[in-house]
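1. Task: produce atomic coordinates for the following.
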Amino acid sequence: MINEKRFTFKKNVSPLKQIRENLEMSREQFASALGTTSGTVYRWETGRHGISFTVRQIKNLMELIEPLGINIDDLPDDLGPPSTVG
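-> Okay, here's the model as predicted:
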């Protein structure tokens, strides 16, 4: 029997932050695994900077999310924080 973990994104938190927290990784660990800096991850998670990945970072992210039962098609189009415009 396959024990498949299913991940559901909450609407009020940055999906990228949710991924990192569910992986139980610090911002520094997550940044290192992606191939960027913790400051960049902070800016992505808080919406201070738009998210853009290199191809290598996309591949790294795909490897990171696999244990959560997520594939690239499951990711929302925007991994940053939810918009506060309303």
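2. Any figure for the gap between residue 50 and residue 16?
-> With distances taken as CB to CB, to the nearest Å, residue 50 is found 12 Å from residue 16. C-beta coordinates here come from the backbone N, C-alpha and C atoms, glycine included.
3. Residue 62 now?
-> The gap separating residue 62 from residue 16 is 14 Å, by CB to CB.
4. Can you tell me the centre-most residue of this protein?
-> residue 16 (2.6 Å; CA atoms, centre = their mean).
5. Find the residues that touch each one of residue 50 and residue 16.
-> Counting by CB atoms under 8 Å, 6 or more residues apart in numbering, the common neighbours of residue 50 and residue 16 are 44, 80.
6. ok, back up a step: helix or strand for the residue nearest to the centre of the chain, which one?
-> Following DSSP states H and E, one finds residue 16 within helix 15-22.
7. residues contacting residue 49?
-> By CB under 8 Å, 6+ apart, the contact set of residue 49 is 40, 43.
8. and it, what are its phi and psi?
-> For residue 49, the backbone dihedrals (degrees, to the nearest 10) come out as phi -150, psi 140.
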